[in-house]
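Chemist: next input, structure requested:
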Amino acid sequence: MGHLDHAALGWLTPVLSYVMACIGAALGLRCTVRALGATGRSRRNWLITAASAIGTGIWTMHFVAMLGFSVSGTDIRYDVPLTIVSLLVAMIVVCAGVFAVGYSKDRARALFLGGLTTGLGVASMHYLGMAAVRLHGAVAYDPALVGLSVLIAVVAATAALWAALNIKSPVAVTVASLIMGAAVSSMHYTGMFSVSVRVSPSDAALPGATAMQFIFPLAVGLGSYLFLTSAFVALSPTSGEREASASAQRPVESAAR
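Modeler: Okay, the predicted model is just below:
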């Protein structure tokens, strides 16, 4: 059996991956709050931004953490198309969950179905990402820990959607984001601890790209997207601020007439 190291770069990857999960969650919650106060095309655009932020945060968290994953006795490569598919899965399922709670009139039913769908999708993203790993050997999973990781994903997704519906203030959003980041990280590392590898030493070249060739540049790009979108959301006026501005302009317009 190969020795697995989930933090080959020390605390850098676990901490950075947690930060990315928190940023994605915070941005997604703020965008959902904006969406619930908007209508029409504006609501749709805010929900799409929320879904892309949460999905990007979760995916980036997973693969930043994977930068610290190593197995003694073998190199590791990543199947590029399958890795891209895992990103698309994260985006699509989170989008489905966010739109369910954003438009449904039966919030309790939407929360249940959205949380279940999104949680299973997030778990699928994780295990698709693991299926993209190429190494010299056979990968096996502990079914009990896999089941626990899926359960954590569903609970975390349901909690995220509930927070999106019920939490409004910036302080509450920050606290919720820290909790959600911890939940997503717990799901990831629970899934990773379920992994065992039987190494088959070989000199043959592995297919795919190294983490630094592909995962790192993509994670940096998506992380930059999260930071830039965070700045946009922070500078964009809320519906309350727009109403206050419109109310302040009415007396001026009346006086001008």
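Chemist: my read is Arg77 is in a helix, agree?
Modeler: No: counting by DSSP: H, G, I helix; E, B strand; the rest coil, Arg77 is not found in a helix; it is strand.
Chemist: quick check, it in contact with Ile215.
Modeler: No: contact criterion Cβ atoms under 8 Å: Arg77 and Ile215 do not qualify, at 10.3 Å. Just so you know, the C-beta spots here come from the backbone N, C-alpha and C atoms, and that holds for glycine as well.
Chemist: who's more crowded, the two?
Modeler: Ile215 (22 against 19; other Cβ atoms under 10 Å).
Chemist: so the more buried one versus Leu29, what's the distance?
Modeler: As judged by Cβ to Cβ, to the nearest Å, Ile215 and Leu29 stand 26 Å apart.
Chemist: same check, this time on Val80
Modeler: Taken as Cβ to Cβ, the span from Val80 to Leu29 is 31 Å.
Chemist: the two: who's more crowded?
Modeler: Leu29 (27 against 16).
Chemist: could you give the number of residues near Asn166?
Modeler: For Asn166, using other Cβ under 10 Å, the count is 12.
Chemist: quick one: residues contacting Ile76.
Modeler: Contact analysis of Ile76 by Cβ atoms under 8 Å, 6 or more residues apart in numbering lists 69-70, 133-135, 206, 210-211.
Chemist: let's see that with 7 Å instead.
Modeler: By Cβ atoms under 7 Å, 6 or more residues apart in numbering, the contact list for Ile76 reads 70, 133, 135.
Chemist: which ones among the residues you listed are found in strands?
Modeler: Judged by DSSP state E, the contacts of Ile76 include 70, 133, 135 as members of strands.
Chemist: adding distance to Ser42, pLDDT and neighbour count, write the residues you listed out as CSV.
Modeler: Listed next are the ones in strands among the contacts of Ile76 as CSV, based on distance: Cβ to Cβ, whole Å; pLDDT from 0 to 100; neighbours: other Cβ atoms under 10 Å:
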residue, distance to Ser42, pLDDT, neighbour count
Ser70, 46, 87, 19
Val133, 41, 89, 21
Leu135, 47, 89, 20
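Chemist: closest one of those to Gly191?
Modeler: Val133 (12.4 Å; Cβ to Cβ).
Chemist: the closest one and Tyr78 touch, don't they?
Modeler: Yes: here Val133 lies in contact with Tyr78, judged by Cβ atoms under 7 Å, at a distance of 6.4 Å.
Chemist: what helix or strand is Gly147 on?
Modeler: In this assignment (DSSP states H and E), Gly147 forms part of helix 143-166.
Chemist: what do you get for His126?
Modeler: Using DSSP H and E, His126 falls in helix 107-131.
Chemist: mean confidence for that helix?
Modeler: Averaging pLDDT along helix 107-131 gives 84.
Chemist: what is the neighbour count of Arg107?
Modeler: Residues within reach of Arg107, counting by other Cβ under 10 Å, total 15.
Chemist: what's the angle from the helix holding His126 to helix 143-166?
Modeler: 140 degrees (axes from the mean of the first three to the mean of the last three Cα atoms, to 10 degrees).
Chemist: secondary structure element for the nearest residue to Ile215 once chain neighbours are set aside?
Modeler: The shortest distance from Ile215 to any non-neighbouring residue, by Cβ to Cβ, 6 or more residues apart in numbering, is to Phe63 (4.9 Å). Phe63 belongs to helix 40-66 when elements are defined using DSSP H and E.
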